[in-house]
Every structure is written in C-alpha cells, then in structure tokens.
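S.K.: Coordinates for the following, if possible.
(4 chains)
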There are 2 protein chains.
Amino acid sequence: MPVSEKSDALRERIRTIAAFYHRKGRMPSFSEIAEMTGMRSKNAVYKLVNRLERMKVLERDEKGRLIASSIAAPVKLLGTVEAGFPSPAEEELVDTLSLDDLLINNPDATFLLKVSGDSMSEAGILPGDMVLVERGVEPKNGDIVIAEVDGEWTMKYIKKRGEGVVLVPANSRYQPIRPKKELTIAGVVTAVVRKYR
Amino acid sequence: MPVSEKSDALRERIRTIAAFYHRKGRMPSFSEIAEMTGMRSKNAVYKLVNRLERMKVLERDEKGRLIASSIAAPVKLLGTVEAGFPSPAEEELVDTLSLDDLLINNPDATFLLKVSGDSMSEAGILPGDMVLVERGVEPKNGDIVIAEVDGEWTMKYIKKRGEGVVLVPANSRYQPIRPKKELTIAGVVTAVVRKYR
DNA sequence: TTATAGAGTGAACGAACGTTCACTGTCAAG
DNA sequence: CTTGACAGTGAACGTTCGTTCACTCTATAA
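M.R.: You can find the predicted model right below:
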C-alpha cells in the first residue's frame, strides 16, 4: 500500500475526531471513536490512539483519556500574504493554534471592550473594533491603555515624561491629555480584533 | 446567611472548575471537583453540579459528563470604552465568549495569514497584523480578499464593475489593479487580529 | 510458498464514572 | 422548642471507561 493512501485514511480519522470535539465541546471516548470510524473493536481504537499520540497529534491525561490539545485548535497558521496558500498536499504540515491561546495571557484578568470614537484610528484601531484589555499589569511607556481621567474613560497611548504622564491619541485632530487631578489606569490593551463577516 | 456570602462561595467554586479546564484542557470529573473543593462526598458535587446546571453555568452531555461551554470561554465581554470597567460586584453579570467562536465560522476552511506591506493600512490593517481568511466563500462587493493576480499574491478590496473586477488597495499611494489575464480568489478576509504584548 | 508485520476482532478485567439512597448536622423561620 | 430546608457524608449501584490478551485476516517481503 502506498504511503499516501495510508496517510489519507489516517488524516480522515483525525478530522473525524476533531469534528467531534468542535461539535460536542469535549473529546470522544474510545467507544465513540470506534462508532464514528466504523471500527467494531475498542482495541483498534486503542492502537490508533497510541499511534496518533506517538505522532504528537493527540494527547492524553494520566488516566488515559483524550484531552483537547493541538487537535482542538481551530485555525491553521500559514505564512505571509505574499506566500499565498499552500496546496492541500502540504496543508497537513502547517501548525494549528487557538486564537484564545494566542491572544489571551491571563483569562481571568482580560476583558473585551468595543471601541467607539476615532482617537486611535491612526494606530489601526477603528470604531467598532474590539480590544482585549488586561487588568493588573504595569503599563510600559508607549502602551495603549484604558484610562479614567477627570471622570471620563478613554483609550490612548501612555507616555511617561519625567515624573508626569501624558495620554497621547493616535489621531492628529485630537490633543494629548495631561491629567489634571486623577488618572486611573484600568488596563493595558493587549490585542485588537476586528470582525468583517 | 446573607445571599452575597453564599454567592461568593459558589463563585469561588465555579472559578475552581474553570481554572481546572484552562489548566488541563478538559472538564473535571465529579471526584476531581470533590478533591479540589475539599468535599468528601461525590454526592455533594452531584448536587452542586445540578444547581449550577439549573443556573446555566454548566452543561452536561447525555452521559452526565460535564462539557466545556460558557465556563470555558476565556474572555468577558463588556460594553464600550466609554463605559469603562464594571465593579467586581457587577462583574458576574457580563457574558463570556471565546474568540475562536466569535471570529471563526468554519474552522476547516479558515487560515491565519501574516500581513506584510502597507497596501491596506488605511483600512486599519497594518504590517505585522494577522488576518483570518476563509476559503470557499463567494466574495461580495467590497470584501477584502486574498487574490493571486498575474502570479503574485495580494490582499485588496474587491470591487465588481459591471462584468469586470477591480482590486482596490486602501492606501492612496497604490493604484487599483485590473487583472490582465488570471485572477484567483484564494479566500475572503473575515477578521483582523493584532497582538501588542 | 512461506514468513512477517500491520490492522482489526471480540471477550474479559479492574478502575473510574455518574447516580441514588439513607443519614447527619446546622441554621433560620415558625 | 420545633420544624423544615439546605449542605454535606458515606456507602452502594450499574454503567462506561481505558486496557490487555489471544486470535484472524490480508498484503508485502524474502
């Protein structure tokens, strides 16, 4: 049997398992895999899972159960726009990852805010975009922060000038803000997401 | 006992379960919940889970096992930037969601491409950003597409003019492209993500 | 043709699973 | 003081789990 056919059948089974995970929100049991792939013996699944584990396609916990790992990552990471798309033959070589894992460092401290206003438009943050904001991290010079200054919430670059702090918009039609009395930094913008359709 | 205290203890247990999920990649069993919360009876967990299920905090499959649902969503959705942040008291009221579910319609057909070049910078897509591209969907007028035109891959707006098609950049320093012989649409840009830190 | 490795079958095993039952405190309302 | 609701205990249940063993079938290699 040629290698490519064998590999095709294997990939189809991996896709079946991944589809189960995305449909049900948990990994299948061995019996469920047997049912889906048409196997009539759990031992066939057992050997299949061991092979996939050796290939680093699947992971298991200490009790032998499957856990969601790279197979659960929904999106495949390719190169650059110039590189275009790979052919189906080389598609299996690309890495997959989860946007959650990619963009979120600390789930408990991270919030999603919708952007209104165009004060950061020259930084590529447009009205209607969403920003991921992480609480409780120390803002560094040049970070984009969510701040409450003089009673109003805004999103700006933070620039430290000597002992003072200036909030700088990314839009030449707005002026930098020098907080008069109070300045509360609610969080640091760690990512921007924009959904088209 | 005041309601708020009861609610605090309950929330702490929900957090414990969610933390297990994010740490291990699967939902805990009843025994594991008992161990984590200090309970010595699985039945106490059984009643707890039933209560949380009635509150729509947890979900279970047909075999009684916990499945990852809203508790697994890593990020909390708040209002707008102007609204600022809610107080910890009202924090429990916000919705949580997963960026994967939010941005990805069809996991199998969606890829992540890194942007190089500034031809879409006026649309808020900067070099170094990543775009989610979905294959196999029909591009509508005004969509941003990844296209191979005359042997090169580019990202542009697609405008349909009568019978022809024009690829329009979002940067006044570049010219629209009228494909001479070949035009292959590889996919439609469904979302943009930018990671700051 | 014979040997061999790979993939699947089918039955059995102990462990872990969710579930149920009867029971024990504890605290607040009557 | 009594009662009832609530949270948790501890043991038992039937089921499902992953695992193991012995075996069959088939296709390739010697």
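S.K.: residues touching the residue positioned nearest the centre of chain A, list them.
M.R.: Central residue of chain A (C-alpha atoms, centre = their mean): residue A:99, 1.4 Å from the mean position. For residue A:99, the contacting residues are A:74, A:75, B:99, B:100, B:103, B:104, B:193, by C-beta atoms under 8 Å, 6 or more residues apart in numbering or on different chains. (Each C-beta comes from the backbone N, C-alpha and C, glycine too.)
S.K.: again, but for residue A:32
M.R.: Contacts of residue A:32 (C-beta under 8 Å, 6+ apart): residue A:20.
S.K.: most neighbours, which of the contacts of residue A:99?
M.R.: In terms of neighbour count, residue B:99 stands highest of these at 25 neighbours, by other C-beta atoms under 10 Å in any protein chain shown.
S.K.: Now do the phi/psi pair for that residue.
M.R.: Backbone geometry at residue B:99, expressed as degrees, to the nearest 10, gives phi -60, psi -30.
S.K.: Could you do the one 5 residues further on as well?
M.R.: As for residue B:104, its main-chain torsions (degrees, to the nearest 10) stand at phi -110, psi 120.
S.K.: can you list the domain ranges for chain A.
M.R.: A:3-72, A:104-193 (automatic domain parsing).
S.K.: I'd like those as TSV, with distance to residue B:16 appended.
M.R.: As requested, the domains of chain A are exported to TSV (distance: least, C-beta to C-beta, whole Å):
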stretch	distance to residue B:16
domain A:3-72	18
domain A:104-193	12
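S.K.: Tell me which residue in chain A sits closest to DNA strand D.
M.R.: Ranking the residues of chain A by distance to DNA strand D (C-beta to the nearest atom of the strand) places residue A:64 first, at 2.2 Å.
S.K.: how near is that residue to residue A:79?
M.R.: For residue A:64, the distance to residue A:79 (C-beta to C-beta, to the nearest Å) stands at 37 Å.
S.K.: Which one of these two is surrounded by more residues?
M.R.: residue A:79 (15 against 9).
S.K.: Who are the contact partners of that one?
M.R.: Contacts of residue A:79 (C-beta under 8 Å, 6+ apart): B:113, B:114.
S.K.: Next up, phi/psi of it, please.
M.R.: The phi/psi pair for residue A:79 (degrees, to the nearest 10) is phi -80, psi -130.
S.K.: Just list whatever residues bridge to the closest residue to residue A:179 other than its chain neighbours.
M.R.: Excluding the flanking residues, the one nearest residue A:179 by C-beta to C-beta, 6 or more residues apart in numbering or on different chains is residue A:149, at 4.6 Å. Residues in a beta bridge with residue A:149, per DSSP bridges, are residue A:152, residue A:183.
S.K.: so how far is residue A:105 from residue A:144?
M.R.: 15 Å.
S.K.: which of these two has more neighbours?
M.R.: residue A:144 (23 against 13).
S.K.: And that one, what's its pLDDT?
M.R.: For residue A:144, the model assigns a pLDDT of 96.
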